[in-house]
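1. below is the structure, and that's it, no one-letter string:
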(Lines give C-alpha, C1' and ligand atoms only; values in the text may rest on other atoms or scores of the structure.)
Protein backbone atom coordinates (compact mmCIF):
# COMPACT_ATOMS: atom_id res chain seq x y z
CA UNK A 1 0.00 0.00 0.00
CA UNK A 2 2.16 2.83 -1.22
CA UNK A 3 1.23 6.36 -2.10
CA UNK A 4 3.37 9.23 -3.20
CA UNK A 5 4.59 11.99 -0.96
CA UNK A 6 5.85 15.16 -2.57
CA UNK A 7 8.31 17.55 -1.04
CA UNK A 8 6.90 21.05 -0.71
CA UNK A 9 8.76 24.12 0.40
CA UNK A 10 7.40 27.58 1.01
CA UNK A 11 9.49 28.86 -1.91
CA UNK A 12 7.92 26.52 -4.44
CA UNK A 13 4.19 26.86 -3.72
CA UNK A 14 1.75 29.70 -3.25
CA UNK A 15 -0.12 30.41 -0.02
CA UNK A 16 -3.25 28.95 -1.61
CA UNK A 17 -1.42 25.77 -2.57
CA UNK A 18 0.03 25.50 0.92
CA UNK A 19 -3.42 25.84 2.46
CA UNK A 20 -4.84 23.25 0.06
CA UNK A 21 -2.00 20.87 0.92
CA UNK A 22 -2.60 21.28 4.65
CA UNK A 23 -6.32 20.68 4.17
CA UNK A 24 -5.56 17.55 2.19
CA UNK A 25 -3.10 16.32 4.81
CA UNK A 26 -5.61 16.86 7.64
CA UNK A 27 -8.26 14.91 5.76
CA UNK A 28 -5.79 12.21 4.74
CA UNK A 29 -4.49 11.76 8.28
CA UNK A 30 -8.02 11.66 9.73
CA UNK A 31 -8.85 8.88 7.27
CA UNK A 32 -5.76 6.92 8.37
CA UNK A 33 -6.73 7.34 12.03
CA UNK A 34 -10.14 5.83 11.22
CA UNK A 35 -8.42 2.96 9.41
CA UNK A 36 -6.23 2.27 12.43
CA UNK A 37 -9.27 2.11 14.71
CA UNK A 38 -10.95 -0.33 12.33
CA UNK A 39 -7.83 -2.50 12.28
CA UNK A 40 -7.57 -2.40 16.07
CA UNK A 41 -10.95 -4.12 16.38
CA UNK A 42 -9.47 -7.30 14.90
CA UNK A 43 -6.31 -7.36 17.02
CA UNK A 44 -5.55 -9.00 20.35
CA UNK A 45 -6.20 -6.59 23.24
CA UNK A 46 -2.58 -5.59 23.90
CA UNK A 47 -1.88 -4.86 20.24
CA UNK A 48 -5.28 -3.16 19.83
CA UNK A 49 -4.44 -0.80 22.70
CA UNK A 50 -1.19 0.26 21.03
CA UNK A 51 -2.89 0.84 17.67
CA UNK A 52 -5.73 2.77 19.34
CA UNK A 53 -3.14 4.98 21.04
CA UNK A 54 -1.44 5.54 17.69
CA UNK A 55 -4.80 6.52 16.18
CA UNK A 56 -5.37 8.97 19.04
CA UNK A 57 -1.97 10.56 18.45
CA UNK A 58 -2.69 10.85 14.74
CA UNK A 59 -6.02 12.47 15.57
CA UNK A 60 -4.25 14.96 17.87
CA UNK A 61 -1.76 15.71 15.11
CA UNK A 62 -4.59 16.23 12.65
CA UNK A 63 -6.23 18.69 15.04
CA UNK A 64 -2.97 20.67 15.23
CA UNK A 65 -2.91 20.87 11.43
CA UNK A 66 -6.54 22.05 11.47
CA UNK A 67 -5.65 24.72 14.03
CA UNK A 68 -2.88 25.94 11.76
CA UNK A 69 -5.34 26.02 8.86
CA UNK A 70 -7.68 28.12 10.98
CA UNK A 71 -4.91 30.61 11.68
CA UNK A 72 -4.06 30.83 7.99
CA UNK A 73 -7.71 31.43 7.10
CA UNK A 74 -8.08 34.34 9.58
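-> Arrived safely. Here the structure is a predicted model, which means the values were calculated and not measured.
2. most distant residue from the middle of the chain?
-> Distance from the centre of the chain peaks at residue 44, with 25.0 Å (CA atoms, centre = their mean).
3. show me what contacts that residue?
-> Not one residue lies near residue 44 by CB atoms under 8 Å, 6 or more residues apart in numbering. All C-beta spots, glycine's among them, are computed from the backbone N, C-alpha and C.
4. measure it to residue 54 for me?
-> 15 Å (CB to CB, to the nearest Å).
5. element containing the most centrally placed residue in the chain, please.
-> Nearest residue to the geometric centre of the chain (CA atoms, centre = their mean): residue 29, 2.2 Å. Assigned by DSSP states H and E, residue 29 belongs to helix 15-40.
6. biggest helix in the chain, by residue count?
-> helix 45-73 (DSSP state H).
7. for the record, mean pLDDT for that helix?
-> For helix 45-73, mean pLDDT rounds to 97.
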